[in-house]
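In: The following comprises the amino acid sequence and a computationally predicted model.
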Amino acid sequence: MLAAIIAVAAVILDQITKIIAVANLEYLGASASFIPGFMRFQRYHNDGGAWSMFGGGGWKWFFLIAISTLAIGAIVFILVKYYKRHTLLTVSLAMILGGAVGNMIDRFRLGYVIDFLHTEFIKFPTFNVADCFITVGTILLAVYIIFYETKAEQQAKAQKAALEAAAQGVECQAEEVNKETTENE
């Protein structure tokens, strides 16, 4: 449930900010200062992937759609399979999922992704809110893998072993009851 809330919120926030950006920056390349010397709003159409890689349409567009679809499917699979593993894993994957879906909506709807956040203090590609979710989610996922994955894996194995032991105990008790019932008859 937490994953769904985060992913849906990311998609909604991303799409709303893109609508606002397009409405206020009517033409491609239009810009407006947001925080002078730090960030500005600048409308850009990204027909590629991250940092405009694989841009240009054609087979590259289909490649991006295929990779994005596989990534979204893998994230959903992992979220479903490991939803009780650790909250940080859930949050990080949900953020990545929401960002990926937000950008995928643009690719299907428009054929490109709307980017509008442009840093002035450092030379960096223009990006959007979905990219922020993907980036923060990836950083959180790295933190999870580095600091928590081994502990979470050990806990999962211990829980599985405990469940198996409990199941065997129930089976043994059932066998004993069956023996006693058979002997009494």
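Out: The structure has been received and is ready for your questions.
In: Just the buried residues of the helix or strand in which Ala7 is found, please?
Out: Assigned by DSSP states H and E, Ala7 belongs to helix 2-24. For helix 2-24, burial by neighbour count (16 or more other CB atoms under 10 Å) applies to 3, 6-7, 10-11, 13-15, 17-18, 21. Heads up, the C-betas are built off the backbone N, CA and C, glycines and all.
In: Which helix or strand lies directly C-terminal to that helix?
Out: strand 31-35.
In: Note down every partner strand of that next one and its orientation.
Out: Its sheet considered, strand 31-35 pairs with strand 39-46 (antiparallel) by DSSP bridges.
In: before we move on, the earlier item: mean confidence (pLDDT) on the helix holding Ala7, please.
Out: Mean pLDDT, helix 2-24: 96.
In: Extract the C-alpha set from it and format it as CSV.
Out: In CSV, the C-alpha atoms belonging to helix 2-24 read as follows (Å, rounded to 0.1, in the frame of the first residue of the first chain):
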residue,chain,number,x,y,z
LEU,A,2,2.8,2.4,0.9
ALA,A,3,4.5,1.7,-2.5
ALA,A,4,1.3,2.4,-4.4
ILE,A,5,0.7,5.7,-2.5
ILE,A,6,4.3,6.9,-3.2
ALA,A,7,4.3,5.9,-6.8
VAL,A,8,0.9,7.4,-7.6
ALA,A,9,1.8,10.6,-5.7
ALA,A,10,5.1,10.8,-7.8
VAL,A,11,3.2,10.4,-11.0
ILE,A,12,0.5,13.0,-10.1
LEU,A,13,3.1,15.5,-8.9
ASP,A,14,5.2,15.0,-12.0
GLN,A,15,2.3,15.4,-14.4
ILE,A,16,0.9,18.5,-12.6
THR,A,17,4.2,20.2,-12.6
LYS,A,18,4.6,19.5,-16.3
ILE,A,19,1.2,20.9,-17.1
ILE,A,20,2.1,24.1,-15.1
ALA,A,21,5.4,24.3,-16.9
VAL,A,22,3.9,24.0,-20.3
ALA,A,23,1.1,26.5,-19.5
ASN,A,24,3.6,29.1,-18.2
